[in-house]
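In: Predicted model and sequence follow; I will ask about them next.
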Amino acid sequence: MTTTKAERKERSHETILASAARLLRARGIGGARVAEVMEGAGLTVGGFYAHFPSKEHLIDAALRRTAAELRERLFARLEEKPVEARAEVVLKRYLSAAHRDELAKGCPFPAIVSEVATTAPEHRDVLATEVAAMADRLSEHLAAGAIPKRQLALALVALMCGGLSLARALRGTELSDEILRACRAVGASVSRSASM
């Protein structure tokens, strides 16, 4: 079976996006240079602009993709858990040693937030949309309580991202593991007490 030009272009597009997503997660926006993205995709740099009008468009697309993939993993089969345990399940999935060490497949937020705040503000709207989507999805699984569900979800997302950022920066130390445990414990405690 022969593939059409459109099918080959779509496959190349997906390969470029996957390469960009890996680099974005592992190295941040500055580390996802077009030449390295294309090399990782097994393609020449000259072909980049047939797929994306700019690096900014590529980064935004990769950020949307990585955030959507993260949400799918974090919330997979969560409805099978009791409502009061769901936040803790998400915290355990996100604030784990495996997720900390999984740079090429993990959460993109720790790798990019400081760049968006300083040198890459053009990605702020996409980051805001993806953080809000994560909080919205989390709030669907929280029990009603003293703290409004959206407010609690945003606080938990901030705790998760901040905790993972520090744990990744300190990877290989006991403090890194301690940070993960502390953030899981505080997040679980807050979510339990908020639902009472």
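Out: Arrived safely.

In: Do you know the pLDDT at Met1?
Out: Met1 is assigned 64 on the pLDDT scale.

In: For the remainder of this discussion, apply numbering that starts at 18.
Out: Right, with 18 as the first residue, what we last looked at is Met18.

In: can you give me the helices for this structure?
Out: Ranges of helices in the chain, per DSSP state H, are 22-44, 51-58, 72-91, 100-111, 114-118, 126-135, 141-156, 166-186, 191-211.

In: Any chance you could list what contacts the last one?
Out: Yep, that's helix 191-211 we're talking about. The contact list for helix 191-211, computed with Cβ atoms under 8 Å, 6 or more residues apart in numbering, reads 101, 104-105, 108-109, 112-114, 117, 159, 162-164, 169, 172-173, 176-177, 179-181, 183-185, 187. Where you see a C-beta, it was placed from the backbone N, CA and C, and this is true even at glycine.

In: Quick one, which of these are buried?
Out: The neighbour-count test (16 or more other Cβ atoms under 10 Å) marks 104-105, 108, 112-113, 117, 159, 164, 169, 172-173, 176-177, 180-181, 183-185 as buried among these.

In: And the pLDDT at the nearest residue to Glu101 once chain neighbours are set aside?
Out: Using Cβ to Cβ, 6 or more residues apart in numbering and skipping residues adjacent in sequence, the residue nearest Glu101 is Ala160, 5.6 Å away. The model reports Ala160 with a pLDDT of 85.

In: Quick check: phi and psi at Ala160.
Out: Torsion angles at Ala160 (phi, psi; degrees, to the nearest 10) stand at phi -80, psi 150.

In: Verify the stated contact: it with Pro99.
Out: No: Ala160 is beyond contact range of Pro99, at 9.3 Å (criterion: Cβ atoms under 8 Å).

In: Give me the more crowded residue out of these two.
Out: Ala160 (17 against 8; other Cβ atoms under 10 Å).

In: Roughly how far does that one sit from Lys166?
Out: Look at Ala160 and Lys166: by Cβ to Cβ, to the nearest Å, they are 8 Å apart.

In: ok, now Leu159?
Out: Counting by Cβ to Cβ - Leu159 and Lys166 are separated by 5 Å.

In: just for this structure, where's the confidence low?
Out: Applying pLDDT under 70 to the chain flags the ranges 18, 213.

In: what's near enough to touch the residue nearest to the spatial centre of the chain?
Out: The centroid of the chain falls nearest to Cys124 when counting by Cα atoms, centre = their mean (2.9 Å). For Cys124, the contacting residues are 42, 83, 87, 111, 116, 178, 181, by Cβ under 8 Å, 6+ apart.
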